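Trainee: Here is my input, please return the structure:
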Amino acid sequence: MQYHDEEWGEPVYDDKKMFEFVVLESAQAGLSWYTILKRRANYRAAFAQFDVEQVACFDQQKVESLMQDSGIIRNRAKINATISNAQAFIKIQQEFGSFSDYLWAYFNYQPIVNLPKCKSDYQATSDISDSISKDLKKRGFKFFGSTICYAHLQACGLINDHSADCFKSALKKVNTP
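Mentor: The predicted structure follows:
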């Protein structure tokens, strides 16, 4: 609840926070978000406080160490993906100035506001998450398909999927003095 109330859907422009969500969302693939969220502090410790430069330099010795860390999901493919995602993340920063600019450009720097009213209004992917995940895959990202990408876009506030009756919905924000 605290995550929803204080973080989820708030626009993120900071690359370190964006990378944190890349790590967490990739780890979540096939699991519940709660499973990852309750291990967030462990992920922070295991992955150098989400310092992308440090994670990009992790070697196989570090991978073996992480495989022994019961505080994170000990999946070798996901751990290796985190390292290669860090390397690809840095290349995107170099090309676009920041990872944030790379993502926000897909949205013309304005979040998409969906205001779902019922369960059937929610979606797990979109045309834009399909496009971004496809481009990220070409750039070397792993464990970041369209569904994970969509969840990342929601978490980082590029897509606002707070329900119409949620106190955090865009409609209520607009109508609140």
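Trainee: switch to C-alpha atoms for all contacts and neighbour counts from now on
Mentor: Will do.
Trainee: and the closest residue to Glu7 other than its chain neighbours, how far is that from Asp59?
Mentor: Computed as Cα to Cα, 6 or more residues apart in numbering, the closest residue to Glu7 that is not its neighbour in sequence is Ala155, at 7.4 Å. Counting by Cα to Cα, to the nearest Å, the separation of Ala155 from Asp59 is 29 Å.
Trainee: Of these two, which one has the most company?
Mentor: Neighbour totals were compared for Ala155 and Asp59, and Ala155 leads with 23 against 12 (other Cα atoms under 10 Å).
Trainee: Settle this for me: that one is touching Trp8, isn't it.
Mentor: Yes - assessed by Cα atoms under 8 Å, Ala155 is found in contact with Trp8 at 4.7 Å.
Trainee: residues contacting Asn114?
Mentor: Neighbour list for Asn114: Ile159, Asn160, Asp161, His162 [criterion: Cα atoms under 8 Å, 6 or more residues apart in numbering].
Trainee: what's the helix or strand for Pro116?
Mentor: Per DSSP states H and E: Pro116 is located in neither a helix nor a strand.
Trainee: no, scratch that, I was asking about Tyr102
Mentor: Following DSSP H and E, one finds Tyr102 within helix 99-105.
Trainee: Give the buried residues for that helix.
Mentor: Phe99, Ser100, Asp101, Leu103, Trp104 (16 or more other Cα atoms under 10 Å).
Trainee: can you tell me which of those residues lies nearest to Asp130?
Mentor: The closest of the buried residues of helix 99-105 to Asp130 turns out to be Leu103 (Cα to Cα; 12.9 Å).
Trainee: I'd like to know how many residues surround Thr147.
Mentor: 19.
Trainee: and it, which of the three is it?
Mentor: Of the three states, Thr147 takes helix according to DSSP: H, G, I helix; E, B strand; the rest coil.
Trainee: Surely it touches Thr125?
Mentor: Yes - counting by Cα under 8 Å, Thr147 touches Thr125, with 5.1 Å between them.
Trainee: before we move on, back to that, quick one: residues contacting the residue nearest to Glu7.
Mentor: Contacts of Ala155 (Cα under 8 Å, 6+ apart): Glu7, Trp8, Gly9, Glu10, Phe21.
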